[in-house]
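K.L.:
kindly generate the corresponding structure for this input.
(one chain, ligands or ions: 2)
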Amino acid sequence: MSLEIIILAAGKGTRMHSTTPKVLHPLGGKALLAHVLDTAVALQPTAIHVIYGHGGEALPLAFSGLHYAPDVNWVEQAEQLGTGHALSLALPAVDPAAEVLVLYGDVPLAGPETLAPLVETSQRGELGVLTAEVDNPTGYGRVVVDDCGNIRAIIEHKDATSAEQAITEINTGFMAAPAACFVRWLQQLTQNNAQGEYYLTDVAALASAEGLTVAATRAENAGDVLGVNSRGDLAILERRYQQLQAEELMRAGVTLQDPKRFDLRGVLTAGRDCTIDINVIIEGEVILGDRVQVGPNSVLKNCRVGEDSTIEANCLIDEAVIAAKCQVGPFARLRPGTCLEEGSRVGNFVETKKTTLGQGSKANHLAYLGDAQVGRNVNIGAGVITCNYDGANKHLTVIGDNAFIGSDSQLVAPVVVGTDATIGAGSTISKDAPEGKLTFSRGRQTTVKGWKRPKKKR
Ligand code: UD1
Ligand code: CA
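P.N.:
Ligands and ions are numbered 1, 2, ... in the order given. Predicted structure coming up:
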């Protein structure tokens, strides 16, 4: 039996007050729709269809670089006439013998395990609806059941009587049935309702009238099936998503000083006994080796940190590779192309970009290292700057092993400082400095004899 998944994502998202289509708003750093697509892929369907409309091509365009298996069939709904109308646009492309699972692009947290029972219901030739018991059902479709607990109808909030509004079991919007059934039911939909739309939810009453079982699968946790209609909803789901991720990391053996103050917007792979202090943000793909410690308020994005390395408080690390036993920060900024080799150290107010710092080398305070190849056991003094940019092009600075760069020196690239070379403090080095020698370029110190400090006139 084949399964086809149809994701409804054409709606405007009026209450978001945004020029970005609602399903492109990020949750945990990833578009709402991307979460739903990932869930769809996990169910191994033969086809995935996405109904888009509001925001036009922005939606398919946003996903053009991403690959899903199977490929997404994008179906445009130019005018949003309702969820029933949206589904009907996808059905011509669906195999009539397939099971159809309908998902909403704005309900990101319902995982494959929550949806599998719906597909099983459809395989029995029935209509399966995912429902949830909620404290405040305002705005949702209410599930009206018979004595056996089967659904007789779904009544939209705006169409509900006050007795129906008191029902706290709601329609999540997710449902599954054989494709041929949906084709038959959708032909019978009308716009005779409070919103003048073709409600997909009316299929429940149609199926029930045919004598077909409409089975309610109740979501174990209502929090998993909440939709995003406003930025407030988005914030609530973000917290829930972060909480779920934090719990998973802790189960895997990561210490989070406070799981409520931890944000993962991507994928974190951590070795044994890593500790992450509060207010750390992890973005993209981050890999931590064993026993890595990350101090508070640091942002780590697309980077690797080797075992026994420490990231102190308030660091920004972006596309950097940090080897084992390194120490970074506090207040360090490692920009793309930074490579810290084993045991090297980058301290406070040091910025690096496209720079390799060799084994055991140190830049402990107030430095800028851009486009630099620094050898082993080099000491970069406070205030050292690589002048890598001449206003038009970037140039390389090469520093040999065991060199000592005195404080407040400028290395005007392209320039080479030889192995074992020493640069005197306060130098502007614009020519190569030979190995093993002391090179400096500062004016000589003089003391003026007989000089008197001026005094204030009376
Ligand atoms: C819908 C359900 C309601 C359910 C709620 C759960 C209907 C009639 N109502 O209401 O029973 O409790 O979801 O969140 O189905 N969409 C389209 N094209 C359209 C209209 C909507 O693609 O013409 C998409 C939206 O982008 C969204 C989904 O369908 O992803 C739901 O639409 P929305 O307008 O949010 O429906 P609700 O009023 O929330
Ligand atoms: Ca909705």
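
K.L.:
near ligand 2, which residues of this structure?
P.N.:
The chain comes close to ligand 2 at residues 227, 229, as judged by C-beta under 5 Å from the ion. Every C-beta, even on glycine, is put in place using the N, C-alpha and C of the backbone.

K.L.:
show me the helices in the chain, by range?
P.N.:
Along the chain, the stretches classed as helices by DSSP state H are 32-42, 58-62, 83-90, 112-123, 162-165, 179-186, 203-209, 231-251.

K.L.:
so which of those gets nearest ligand 1?
P.N.:
helix 83-90 (3.5 Å; C-beta to the nearest ligand atom).

K.L.:
quick one, what contacts residue 328?
P.N.:
Contacts for residue 328 (C-beta atoms under 8 Å, 6 or more residues apart in numbering) come out as 309-312, 315, 317, 322, 334, 340, 345-346.

K.L.:
go again using 6 Å as the cut-off
P.N.:
Residue 328 makes contacts with 311, 315, 346, as judged by C-beta atoms under 6 Å, 6 or more residues apart in numbering.

K.L.:
re the thing from before, so for residue 24, which of the helices of the chain sits nearest?
P.N.:
Closest approach to residue 24 among these is made by helix 58-62 (5.6 Å; C-beta to C-beta).

K.L.:
give me the residues contacting that closest one.
P.N.:
The contact list for helix 58-62 (C-beta under 6 Å, 6+ apart) reads 21, 24, 52, 74.

K.L.:
same thing with stretch 364-376?
P.N.:
The contact list for stretch 364-376 (C-beta under 6 Å, 6+ apart) reads 347-361, 380, 382-386, 388, 394, 396-401.

K.L.:
can you redo the helices of the chain as TSV with mean neighbour count and mean pLDDT?
P.N.:
Output for the helices of the chain, formatted as TSV (neighbours: other C-beta atoms under 10 Å; pLDDT from 0 to 100):
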stretch	mean neighbour count	mean pLDDT
helix 32-42	22	98
helix 58-62	16	95
helix 83-90	23	98
helix 112-123	18	96
helix 162-165	12	97
helix 179-186	20	98
helix 203-209	21	98
helix 231-251	16	97
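
K.L.:
ok, which of those comes nearest residue 425?
P.N.:
Between the helices of the chain, helix 231-251 lies closest to residue 425; by C-beta to C-beta that is 45.6 Å.

K.L.:
who's the closest residue to residue 222 other than its chain neighbours bridged to?
P.N.:
Closest residue to residue 222 apart from its sequence neighbours, by C-beta to C-beta, 6 or more residues apart in numbering: residue 132 at 4.2 Å. Residue 132 has the following beta-bridge partners by DSSP bridges: residue 170.

K.L.:
how much space separates the nearest residue to residue 154 once chain neighbours are set aside from residue 76?
P.N.:
The shortest distance from residue 154 to any non-neighbouring residue, by C-beta to C-beta, 6+ apart, is to residue 201 (3.9 Å). For residue 201, the distance to residue 76 equals 23 Å [C-beta to C-beta, to the nearest Å].

K.L.:
those two: who's more crowded?
P.N.:
Shown here are residue 201 and residue 76; by other C-beta atoms under 10 Å, residue 201 has more neighbours (23 against 14).

K.L.:
any idea how far the residue nearest to residue 222 lies from ligand 1?
P.N.:
Separation of residue 132 from ligand 1 (C-beta to the nearest ligand atom, to the nearest Å): 9 Å.

K.L.:
and the end-to-end length of stretch 290-307?
P.N.:
Terminal residues of stretch 290-307 lie 5 Å apart, using C-alpha to C-alpha, to the nearest Å.

K.L.:
can you pull the buried residues of that stretch?
P.N.:
Neighbour-count burial for stretch 290-307 flags 291-307 (criterion: 16 or more other C-beta atoms under 10 Å).

K.L.:
what is the burial count for the residue nearest to residue 222?
P.N.:
By other C-beta under 10 Å, 26 other residues sit near residue 132.

K.L.:
now do the same for it: its pLDDT.
P.N.:
In the predicted model, residue 132 carries a pLDDT score of 97.

K.L.:
hang on, it packs against residue 227?
P.N.:
No: using C-beta atoms under 6 Å, residue 132 makes no contact with residue 227, being 10.6 Å away.

K.L.:
which residue does the stretch 251-400 of the chain have closest to ligand 1?
P.N.:
Distance from ligand 1 to each residue of the stretch 251-400 of the chain (C-beta to the nearest ligand atom) is smallest for residue 265, at 22.5 Å.

K.L.:
quick one: the spatially closest residue to that residue that is not a sequence neighbour from residue 274, how far?
P.N.:
Nearest residue to residue 265, sequence neighbours excluded (C-beta to C-beta, 6+ apart): residue 29, at 2.7 Å. Distance from residue 29 to residue 274, counting by C-beta to C-beta: 20 Å.

K.L.:
whichever residue of the stretch 151-300 of the chain sits closest to ligand 2: how many residues sit nearby?
P.N.:
Closest contact between the stretch 151-300 of the chain and ligand 2, by C-beta to the ion, is at residue 227 (4.4 Å). When counting by other C-beta under 10 Å, one arrives at 19 neighbours for residue 227.

K.L.:
just the one 3 residues further on next, same as before
P.N.:
Residue 230 is flanked by 14 other residues according to other C-beta under 10 Å.

K.L.:
that one contacts residue 15, correct?
P.N.:
Yes: with contacts counted by C-beta under 6 Å, residue 230 reaches residue 15, the gap being 4.4 Å.

K.L.:
any idea of the mean pLDDT in stretch 322-339?
P.N.:
Stretch 322-339 carries an average pLDDT of 98.

K.L.:
now swap in stretch 419-426 and tell me
P.N.:
On average, stretch 419-426 scores 98.

K.L.:
can you tell me, leaving aside adjacent residues, what's nearest to the residue of the chain found nearest ligand 1?
P.N.:
Minimum separation of the chain from ligand 1 (C-beta to the nearest ligand atom) falls at residue 141, amounting to 2.2 Å. The shortest distance from residue 141 to any non-neighbouring residue, by C-beta to C-beta, 6+ apart, is to residue 171 (3.8 Å).

K.L.:
same thing with residue 382?
P.N.:
Leaving aside its sequence neighbours, residue 382 sits nearest to residue 365 (C-beta to C-beta, 6+ apart; 4.1 Å).

K.L.:
ok, that neighbour to residue 417 distance?
P.N.:
Remark: distance between residue 365 and residue 417 (C-beta to C-beta) = 19 Å.

K.L.:
these two: which is more packed in?
P.N.:
Just comparing residue 365 and residue 417: by other C-beta under 10 Å the higher neighbour count belongs to residue 417, 27 against 17.

K.L.:
for the residue nearest to residue 222, what are its contacts?
P.N.:
170, 172, 219, 222, 225.

K.L.:
and for the second one, the neighbour number?
P.N.:
Using other C-beta under 10 Å as the criterion, residue 172 is surrounded by 27 other residues.

K.L.:
likewise the first one?
P.N.:
If you count neighbours by other C-beta under 10 Å, residue 170 ends up with 23.

K.L.:
next up, the contacts around it.
P.N.:
In this structure, residue 170 makes contact with 132, 134, 137, 140, judged by C-beta under 6 Å, 6+ apart.
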